[in-house]
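**Student:** need a structure here:
(one chain, ligands or ions: 2)
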Amino acid sequence: MALDKRDALEFPESDRVFLEPHLPRQDGTTPRSDMPFTTLTFATSLDSALALSPGARTTLSGPQSKAMTHYLRSRHDGILIGVGTALADDPGLNCRIAGVGGYGSEGLIGQPRPVVIDSNARWDFSEDSKLFQLCRQGRGRAPWIVTTLSEPPAEKQKLLEKYGGRYISLQMKNSTGDHHRIDWNDLLLTLRSHGLQSVMVEGGGHVINSLLVPQYMSLIDSVIVTIAPTWLGEGGVVVSPPRRFDGEGNAISAARLRNVKWYPFGEDVVLCGQTQS
Ligand SMILES: NC(=O)C1=CN([C@@H]2O[C@H](COP(=O)(O)OP(=O)(O)OC[C@H]3O[C@@H](n4cnc5c(N)ncnc54)[C@H](O)[C@@H]3O)[C@@H](O)[C@H]2O)C=CC1
Ligand SMILES: Nc1nc(O)c(N)c(N[C@@H]2O[C@H](COP(=O)(O)O)[C@@H](O)[C@H]2O)n1
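**Tutor:** Ligands and ions are numbered 1, 2, ... in the order given. The predicted structure is shown next:
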């Protein structure tokens, strides 16, 4: 297998220092032993949009913050998206930083495990999907797909397993009365039990908005958001969690970050913070 550095991204050591306090510990220990260290990270426009429309792959990050995101990928065991993102983007979800597996070194060290929430196995992937191309090139791992089906489609399962991926079956949570959502506690516990000590949740809108609610906020250990100097306009996929109200019925902010730091990064700014003190 050729180990080709030509298309690798560079992320200099000097730029890594500021991120360190916001990242999973290097020794692999986690704040809670049964849960992965969970980072919420995405790129947004000034009008809080992730993409121009649900089906549109939209570039927001400039070159420096894109390299930063790939460094984040190298520092997490898993990278999680929803099926809407898989369908829209045909993403690679690998790490293309110089020096990680497939980009200047052997094996898959530094390559995160893609995890796709796809309750009803809607994602119609094939050998040609970007993720599997990268697997064949030794530049990425096959996905784990989280489904609520107890028997996922056999053909898709076969293809996944051929590349070392798998379906993970989880029951829908109904204790909150929401029969359409996988419970984040169950999901993260399951991923930890499958060996992921850290997970970065990358999107899209439904995934992020379902995590940014009071009952799950404490599961997020770190938030790292790239803000690009652009407005995408109406009709975009937006990060806007459900409204909250105080005891008197007045609207209050849905979520607020603490311990916030801002870092200019090329034309973008990267915001790091925590959902709790
Ligand atoms: N700018 C950025 O950093 C990113 C942008 N995106 C963009 O976001 C767009 C896709 O976003 P969305 O359409 O909102 O799709 P999505 O990626 O959030 O997936 C939504 C689907 O995932 C499943 N899902 C999510 N949470 C679930 C839960 N808790 N339980 C059960 N099922 C769950 C449901 O089937 C839902 O329809 C794409 O255009 C993509 O390019 C995606 C990731 C990052
Ligand atoms: N950090 C960031 N900046 C952007 O501008 C983006 N559009 C995204 N999107 C996310 O990255 C995935 C694509 O990854 P590959 O380049 O294919 O590996 C995409 O699916 C979104 O999750 N992120």
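**Student:** now the strands for the protein?
**Tutor:** Applying DSSP state E to the chain gives strands spanning 37-44, 49-51, 78-82, 113-117, 144-147, 166-169, 198-203, 222-227, 237-238, 244-245, 251-252, 258-265, 268-274.
**Student:** any residue of the second one up close to ligand 2?
**Tutor:** To tie it back to what came earlier, the one meant is strand 49-51. No: using Cβ under 6 Å from any ligand atom, we find that strand 49-51 stays clear of ligand 2, coming within 6.9 Å at best. Bear in mind the C-beta positions are built from the backbone N, C-alpha and C, glycine included.
**Student:** could you check whether that strand is close to ligand 1?
**Tutor:** Yes: interface with ligand 1: strand 49-51 contributes Leu50, Ala51 (Cβ under 6 Å from any ligand atom).
**Student:** Go through this structure and flag its longest helix.
**Tutor:** helix 63-74 (DSSP state H).
**Student:** So what touches that helix?
**Tutor:** For helix 63-74, the surrounding residues in contact (Cβ atoms under 8 Å, 6 or more residues apart in numbering) are 9-11, 15-16, 19, 23, 39, 41, 43, 61, 79, 93-97, 100, 110-112, 200, 224, 226, 228, 265-266, 268, 270.
**Student:** So among the residues you listed, which ones count as buried?
**Tutor:** Using 16 or more other Cβ atoms under 10 Å as the burial test, the contacts of helix 63-74 include 9, 11, 15, 19, 23, 39, 41, 43, 61, 79, 93-97, 100, 110-112, 200, 224, 226, 228, 265-266, 268, 270 as buried.
**Student:** Please list which of the residues you listed also come close to ligand 1.
**Tutor:** Filtering the buried ones among the contacts of helix 63-74 for proximity to ligand 1 (criterion: Cβ under 6 Å from any ligand atom) leaves Ala43.
**Student:** Brilliant, that's me finished.
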